[in-house]
Structures are given as structure tokens and as C-alpha cells.
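*Asks:* sequence-free structure coming up:
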């Protein structure tokens, strides 16, 4: 076990992706979930690396590293400007009043948007020069208020605070064993992280479900939403094993719920269902 900062991991460590790594990336929702956890200071699990002559091969944590790298290089690609601005708007209003800036608030917002959407370098949002240039290109609109570098730095401080990740520390597991064992190590680590199949999701969503007509629509919506979490987690050519929707398995699962529920007999109270007391063979009652 080791520990470092996200910044050091992305800028100092010589990271390399081994050939056996899966070639797919998280979709936007999964990236936002990771960032939400970090903004709140939640742990996001250890990154497993293999060290070989100062090169670190990513064994487990590729999606997290990719997400962090993309967000800190170009935050607009993960979190839209509108969502970002909601987080800073109150502080911006207070900043304008405190510094007696006589300017159209929308014009300042447009400048901040230009700065935010044009960030294209890892930790580029920390550099004051880019924001300074954007603001001073509109210097007349702001009565040269932003010619004072300190005022620009104060504004940058407000913006940076909402981009920076709350929990900058990250745990590492460094493997220094036989390099030939890496594919097996990768397989073993990821075997337990296969996504739920749709059948397993059906079981979890319908676990306590009784076939009540008044609840059917709501339950269907909940079921569909859970399926979307699997469908939408990864880009289309993801190699993740999501399982296939098997109507037979789902009917078996539904049958299990009906038969094992103490109140399952309510299903037969609906006129559209008929309970057969004896089995039918070739259309004939036995």
C-alpha cells in the first residue's frame, strides 16, 4: 500500500496501460458519480499499479484515472458550464459587490464560460494568465476593472475552488511481482466486478413485489430505470459483461416471487387470471 495525491499520480507517475486492459470508457453519468464522491470527500478505492523500472502499469483503476485526467484537463467535457456556474453564482455575486465592479453580470458570465470551456491542459485552470487574458479582451465592458491582477486572482480562487477535488489523496496498491503474472492478476481482480445481469436486477427490484394492478406502472418504471443504469454505464462497444435479457429466466424469477410470497394468492383474485387445479396435457385436463 502507498498513498499519493491525485495531482502527483497524474503528473509525476509514468502511467502506462497494459495491452490486456479493456478498451472502453465510462459514460458521462458514471464520471459524474465518481466526481460527486470526490467533491464530498468520499473514498473512491485504491488504484492497483505494477511498477517496472519507474513505469507504472495500470492494473485496476483505469476508468477512475481516465475520468480524473479528463476532468482536470477539460472539466467542461464532464461537467457542463451551466452546472459549474450554478455552484459559483452566489460567490460571483458577492465578489462583484465586494470589488465594486461596474459591469453587466451576463458579460462577466460569458467571459467565465469562455475561460471554462477553453481549459485544455491538465491543471490548466490553476493558471491566472488564461483568465486574465479573457477578461482583459473585454476590458472596456468592465471599465478596466480587471487590469488589477489581484482582483483576477481573487476571481480565479472562487472558480478553482469549485473545480478542485475535495479529497486530493488517493490510495495505491503497488505490485512488484513477476510481470508474466499481470494478465492473471488483472483477471482475478476484475472477476468480482462483473456488472449485474438484467435478471439479477429484476430480482432486486421486484424482490417484495406483489402483482397489484395499481402498482404495476410504477414498478415497471423502477425496473426500466435499473436496467438503464447497466445499459448507460459504458460506451456502446464496452466489453463489460452485462448479460442478456432472457425472458425464460425472468419468468422463472417472477414465478419464484409469486410462489414464495405468503400473499401470492392475491394474483388469482383478478378476473383475468384463472387458477388451474390440475395440469393440462395436450389441451386436455388430467
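*Replies:* On my side now, so go ahead. Quantities reported herein were computed from a predicted structural model and do not represent experimental measurements.
*Asks:* Any stretches of the protein with poor pLDDT?
*Replies:* The chain contains residues with pLDDT under 70 at 19-24, 166-167, 187, 190-286.
*Asks:* ok, which stretches of it are helices?
*Replies:* Along the chain, counting by DSSP state H, helices occupy 6-11, 28-39, 62-73, 81-98, 105-117, 128-136, 149-161, 182-191, 198-205, 213-231, 247-260.
*Asks:* Give the buried residues for the third one.
*Replies:* Neighbour-count burial for helix 62-73, counted by 16 or more other CB atoms under 10 Å, picks out 62-65, 67-73. Quick note: C-beta positions are derived from backbone N, CA and C, even for glycine.
*Asks:* The second one too?
*Replies:* Neighbour counts using 16+ other CB under 10 Å place 30-32, 34-35, 37-39 of helix 28-39 among the buried residues.
*Asks:* what's it packed up against?
*Replies:* Helices and strands touching helix 28-39, as assessed by 3 or more CB pairs under 8 Å, 6 or more residues apart in numbering; DSSP states H and E, comprise helix 62-73.
*Asks:* report the angle between the axes of the helix it packs on and helix 28-39?
*Replies:* Calculated by axes from the mean of the first three to the mean of the last three CA atoms, to 10 degrees, helix 62-73 forms an angle of 80 degrees with helix 28-39.
*Asks:* who touches helix 62-73?
*Replies:* 6, 9-10, 15, 17, 21-22, 25-26, 30-31, 34-35, 44-45, 47, 58, 77-79, 119-125, 163, 165 (CB atoms under 8 Å, 6 or more residues apart in numbering).
*Asks:* Just the buried subset of the residues you listed, please.
*Replies:* 6, 9-10, 15, 25-26, 30-31, 34-35, 44, 47, 58, 78-79, 119, 122, 124-125, 163, 165.
*Asks:* who's in contact with the closest residue to residue 60 other than its chain neighbours?
*Replies:* Nearest residue to residue 60, sequence neighbours excluded (CB to CB, 6 or more residues apart in numbering): residue 48, at 3.9 Å. Going by CB under 8 Å, 6+ apart, residue 48 touches 58-61, 172-173, 175, 189.
*Asks:* Could you give the bridge partners of residue 48?
*Replies:* Taking DSSP bridges as the rule, residue 48 bridges to residue 60, residue 173.
*Asks:* For residue 122, which non-adjacent residue is spatially closest?
*Replies:* In space, and not counting its chain neighbours, residue 122 is closest to residue 73: 4.7 Å by CB to CB, 6+ apart.
*Asks:* can you tell me how far that neighbour sits from residue 183?
*Replies:* From residue 73 across to residue 183, the span is 30 Å (CB to CB, to the nearest Å).
*Asks:* now do residue 30
*Replies:* From residue 30 across to residue 183, the span is 25 Å (CB to CB).
*Asks:* ditto for residue 28
*Replies:* 30 Å.
*Asks:* go on, residue 102?
*Replies:* Note on residue 102: its distance to residue 183, by CB to CB, is 64 Å.
*Asks:* thinking residue 135 is in contact with residue 151, fair?
*Replies:* No. If you go by CB atoms under 8 Å, residue 135 and residue 151 don't touch, sitting 9.1 Å apart.
*Asks:* So which of these two has more stuff around it?
*Replies:* Using other CB atoms under 10 Å as the criterion, residue 135 and residue 151 rank with residue 135 on top: 24 against 18.
*Asks:* re the thing from before, pipe the buried residues of helix 62-73 into a markdown table and attach distance to residue 109 per row.
*Replies:* Output for these, formatted as a markdown table (distance: CB to CB, whole Å):
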| residue | distance to residue 109 |
| --- | --- |
| 62 | 36 |
| 63 | 33 |
| 64 | 32 |
| 65 | 32 |
| 67 | 27 |
| 68 | 27 |
| 69 | 28 |
| 70 | 24 |
| 71 | 22 |
| 72 | 23 |
| 73 | 23 |
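*Asks:* between the residues you listed, which is nearest residue 157?
*Replies:* Nearest to residue 157 out of the buried residues of helix 62-73 is residue 72 (CB to CB; 17.1 Å).
*Asks:* burial count for residue 93?
*Replies:* The tally of other residues near residue 93 (other CB under 10 Å) stands at 11.
*Asks:* Next up, the contacts around it.
*Replies:* Contacts here follow CB under 8 Å, 6+ apart; on that basis residue 93 touches residue 105.
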